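S.K.: give the three-dimensional model of this entry:
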Amino acid sequence: MQRLRALLPLLLLLATGIVLVSSGTLRHFDPQHLAAEHAYLRHLASASPWLARLSYLGIMVLAVASGVPGLLFVTIAGGLVFGLVEGTLLSTLGLVLGSLLLFLAARYALGQGDKPAPTLAERIRAGFLHHPASYTLFLRLVPVFPFGGVTLALAWLRCPLWLFMAATTAGGVVMEAFESAIGAGLSEAMARGEPIGMNLVLEPHVLLPLGALSVLALLPVLLGRRRG
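M.R.: Down below sits the predicted model:
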């Protein structure tokens, strides 16, 4: 019974993710749906600014905390509806709050770490123990690592809360700014009446943040070759 109580917060978060996926809520963030409803969503954000922003923030928090896939599209939607600055701020805040919920639930569920560590945690354990600050920030900045998986691994490694929050915030601002910029660029292109297609991806407002994300994704490979 005591073990079940420890697992309960984490199980509730996982159940929330299942509900989000099965209910179809996340389908509203599909790129095709966003493109079709672009003008309507912008109108709703203007007509009910507080409700729209709080609703988006709540969905972002739940999506991050429950580890559902497709988080990139949620962030792009924020940039598309709210613009680069507001989209980045809202997405980063949702990312930090959602990560904190998942981190605390995982720490409570994992107890003192007397169980075998997950594979991901074992892989990053050596680097974390030698350079905890730089390693945590690196994991948060590079988008090739699963965000929820890294959060669980850091919880298992007993990463200090202050370090987890600092790295998540710093990495979150960078990632969310790039992804929100993609949404904002798509919004500008669609506002000019340009058809949906590959031509939108070639827009400078979209192409530049995509290129920046690609460079970040290649960072582990480049560092590995340099060490070699």
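
S.K.: didn't Pro132 look like it was pressed against Phe164?
M.R.: No - taking contacts as C-beta atoms under 8 Å, Pro132 lies outside contact range of Phe164: 10.1 Å. C-beta coordinates here come from the backbone N, C-alpha and C atoms, glycine included.

S.K.: so those two - more neighbours on which side?
M.R.: Phe164 (22 against 17; other C-beta atoms under 10 Å).

S.K.: just to check, the more buried one is in contact with Phe103?
M.R.: Yes - taking contacts as C-beta under 8 Å, Phe164 lies within contact range of Phe103: 5.8 Å.

S.K.: who touches both of the two?
M.R.: Taking C-beta atoms under 8 Å, 6 or more residues apart in numbering as the contact rule, Phe164 and Phe103 both touch Leu154.

S.K.: could you point out the longest helix in this protein?
M.R.: helix 71-110 (DSSP state H).

S.K.: so for that helix, mean pLDDT?
M.R.: On average, the pLDDT along helix 71-110 is 91.

S.K.: in it, what counts as buried?
M.R.: Neighbour counts using 16 or more other C-beta atoms under 10 Å place 71, 73-84, 86-107, 109-110 of helix 71-110 among the buried residues.

S.K.: now do the closest residue to Leu95 other than its chain neighbours against Phe164, distance only.
M.R.: Distances taken as C-beta to C-beta, 6 or more residues apart in numbering put Gly172 closest to Leu95, at 4.3 Å, once the chain neighbours are dropped. From Gly172 over to Phe164 the distance is 12 Å, taken as C-beta to C-beta, to the nearest Å.
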